[in-house]
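Novice: With the sequence up front, the predicted model follows.
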Amino acid sequence: MALSSDARLEPAAALTMKLLLVSPQAGHAVGQLLADWGHEVRHAPAVEQVGPLLQGVEGVLVVGAGRAVAEDMARLSTAEVQPRPFLLALVPTSAEQVPLDALLAAAVDDFLLMPFEPAQLQTRLEWHARRRRAGMQTALEAPLSRGVQDRLSAIIQTQSDIANAGLELDKVMSLIAERAMRLCGASGTAVALADGDELVYQVTHGNSMPHRGFRLKLSHSITGMSILRGEVLHTRDTEDDPRVNVAATRATGIRSMIIVPLHRVGSAVGAINVSYPEPNAYDDLDVRTLEMMGRLLGAALSNAAEFEAKQALVDKLAATLAALQQSQDLFHSFMNHSPVMAFMKDEEGRRTWVNEPYARFFHRDVESIQGVDDAELLPPMTAARLRREDQAVLASGQPLQSEQVISSPDGSLHHWLNHKFTLRDANGRRLLGGVSIDITARKHAEKALRRSEESFRALIEGLPEAIFAHRGGNLLYINPAGLAFLDQRSVEALAGRSLLELIHPDDRGEAANVLEGSLEKGTTTTREVRFLRAGGQLMSAELSAMRLLFDGEPATVVSARNITERKQMQARLLLADRLASVGTLAAGVAHEINNPLAFVLSNLGFLEEECQLLRDELPRERLGEMEDVLRETKQGAERVRHIVRDLRTLSRDEGEQLSDVDVRGVIESSLGLVRNELRHRARLVKDFEPVPMVRASEGRLGQVLLNLLINAAHAVPDGKPGQNEVRVRLRAIAGRVVIEVMDTGCGIAPEVRDRIFDPFFTTKPVGMGTGLGLSICHGIVTGMGGDITVESEVGRGSTFRITLPIPQASSGNSEPEEEDAVPA
């Protein structure tokens, strides 16, 4: 028996009784509880040993199970003891079924199902004690009358009818309510069920019919009080009972009533009551009868609740099974329409399930492929490899992803991406699951992409243009031409640098416009910028950019084309055009000077002749002075004629046609043009050896020599001709004619010596030179098959050396003419 913490309830002292506890267990907890409440308790281990213990006892409590306790109660009820004590049976809930009919037949006054709350036992004892004190006698204290037997039979028949009614709760409640009203001789009956803090009259009969569906607060009625307390309540006169809602009873004509709570799973969930129009219209037998009917209805409620719970469980299970079936159907439909091949194998490698794409690949149906192992479907080596892979997954329990090449039954090769894993079925059997994705098309695409990328890379790396890729300002890629473009040996030297850092600061604005514009507008205008090479040299380039994906992310790809040579060529063409204009002008000037010069020379000759005729007529001093003036004037005119001749030689446009040229004559013509430039700066020394003719352009060779002689004159300071020297040397060495122009000027520094033939490079102050003279000279000499070099030492002067090839036919000829060195 389970007792709550409220076991120490104190009954009123006037209600203490003498009680007999029949229990095979001495010191039963019920006996201790009764003693604590103040009752005088006697103990008997069995009914056979009760004997004289019954004398003076007001109540007997029997602890037993099932029909055994009913039989004990029947023997006690027939004992010749006056007055007969009331009988209370304590029946454990472990009994298969409470024998209501047997208890009623044994004239049991009341029973409790164990475990119970102490308050329930106390209420029962108090009720019976008060009844005895009031002198109320139950009909069951006398020998059973015929009417009682009929009532017992009706109750038993009601129990049978309830069983036949099944689980229709409304039908059972109506049956029990109607039968209770008839057995108790009442005028009305009702069944009320608790709904939250209210009660609802579900079933009504007789004068209670108007109350069907009526709702009332539990705390506002005696019926609700019975439900809340879980106790049997009755009132003999509603007019005198403060617990009763008098207004309601007057409206229905009720003066007395009995209320029995309905218990389900140990809790009161409702009540059944019978009502009478007169006061004191019932007796104890009616109360006991309604209690029995209430227990029948409570059992029916419990059965209905259990059935509803089971039915809900069945419905839930059915819904679960339907959902599972739907899920399985959906899974199979999904897997059969999926492009992947799915399968499951047992530990022996036999297939326990495959989807339709798997079966189609092997040209079989799903049923025929189940139970088949790898050896029946695949070549031996492939099957053995897959079997080893499966066993490794089963042994480790870890998923595995791999790629396999497997041939189909028609012989075509397929690339598969396999994912394998372990799982267990409902029986705990370990299985190998897997899915395979056909990646053949992807492999072919990757192969084609690799070929395309290799071709593209070969193209980019073979381009003569510099290609740069950068993202976020940082360089990502440079092709070999780009490294050569920047005079760099490795990409590592440029790692992390910005492309703008490699551009001249003055041109970075233009470059930024190209790079930033490409991000927004796509195609951009080409710009000319100057790049900074590793050695510090500047390189002119055309810059363009575009936006595209590089390594899967947006980047800017820049193309840079070296236009230095093109700009040099443009400058050369411009200078050549200017020189051609100067040559044309010089030829015209020479032609115009030649005509008056002829008259001047003719008249000077005439004057010389006339002076000879006047020799005898004029004084010798005057005549000598006139002859000196005429001679000097004639020499000046001759000098003008030589200058005009040299200008015509220099300005002669021979195009690219080469001819046999007298090098010494070209040197003399050039010296004649710069003689005045050298006169005030240095002594001119000519060191000529006999040399053969060379194949060259007389005008172009004169242009080169004139440029070298002017540079030599500018290399020495003005006003000190006695301290400086410009030497021109001509000789033939090993089949080549060598021309040297030497000066004793300032010399050329070693760090710029290798750059003097570069276009636009000059050591002269701004405005004194274009930096194109030596570059043009180099181009002219090399164009004639020759070579031009320089030797120089700072503070001691420079030597420019021109070597020209000698034609084979004239390699043995030479000109013996030689001129001694004379001061300029």
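Specialist: Sure, I can see it. Numbering: from 1, shown residues only.
Novice: Let me see the contact set for the residue nearest to Asp374 when sequence neighbours are not counted.
Specialist: If the residues on either side of it in the chain are set aside, Asp374 comes closest to Ala383, at 3.8 Å by Cβ to Cβ, 6 or more residues apart in numbering. All C-beta atoms are positioned from the backbone trio N, CA, C, and that covers glycine. When contacts are counted by Cβ atoms under 8 Å, 6 or more residues apart in numbering, Ala383 touches 373-375, 377.
Novice: Quick check: of the residues you listed, which has the highest neighbour count?
Specialist: When neighbours are counted as other Cβ atoms under 10 Å, the busiest of the contacts of Ala383 turns out to be Asp374, with 19 neighbours.
Novice: That one touches Arg387, doesn't it?
Specialist: Yes: if you go by Cβ atoms under 8 Å, Asp374 and Arg387 touch, sitting 5.8 Å apart.
Novice: shared neighbours, these two?
Specialist: Taking Cβ under 8 Å, 6+ apart as the contact criterion, the common neighbours of Asp374 and Arg387 are Gly349.
Novice: For the helix or strand in which the residue nearest to Asp374 is found, buried residues please.
Specialist: When elements are defined using DSSP states H and E, Ala383 is found to belong to helix 380-396. Under the neighbour-count criterion of 16 or more other Cβ atoms under 10 Å, helix 380-396 has 382-383, 385-387, 389-390, 393-394 buried.
Novice: Could you single out the nearest of those to Leu262?
Specialist: Closest approach between the buried residues of helix 380-396 and Leu262, by Cβ to Cβ: Leu394, at 61.0 Å.
Novice: The longest helix anywhere in the chain - contacts with which helices or strands?
Specialist: With residue count as the measure and DSSP state H as the assignment, the chain has helix 284-337 as its longest helix. With contacts defined as 3 or more Cβ pairs under 8 Å, 6 or more residues apart in numbering; DSSP states H and E, the packing partners of helix 284-337 are helix 100-105, helix 146-165, helix 169-183, strand 256-264, strand 267-276, helix 356-361.
Novice: now it and strand 267-276, what's the angle there?
Specialist: Orientation note: helix 284-337 sits at an angle of 140 degrees relative to strand 267-276 (axes from the mean of the first three to the mean of the last three Cα atoms, to 10 degrees).
Novice: Neighbouring strands of the helix or strand following helix 284-337 in the sheet, and parallel or not?
Specialist: Proceeding C-terminally, helix 284-337 gives way to strand 341-345 as the next helix or strand, assigned by DSSP H and E. Taking DSSP bridges as the criterion, strand 341-345 forms sheet pairs with strand 351-354 (antiparallel), strand 430-438 (antiparallel).
Novice: tell me the average confidence for strand 341-345?
Specialist: In this model, strand 341-345 has a mean pLDDT of 92.
Novice: Which residues does that strand contact?
Specialist: For strand 341-345, using Cβ under 8 Å, 6+ apart, the contacting residues are 335, 351-355, 357-358, 361, 390, 416, 423, 431-438.
Novice: and if you look at stretch 174-182?
Specialist: Taking contacts as Cβ under 8 Å, 6+ apart, the residues outside stretch 174-182 that touch it are 154, 158, 161-162, 165, 186-191, 203-206, 272, 274, 289-290, 293, 296-297, 300.
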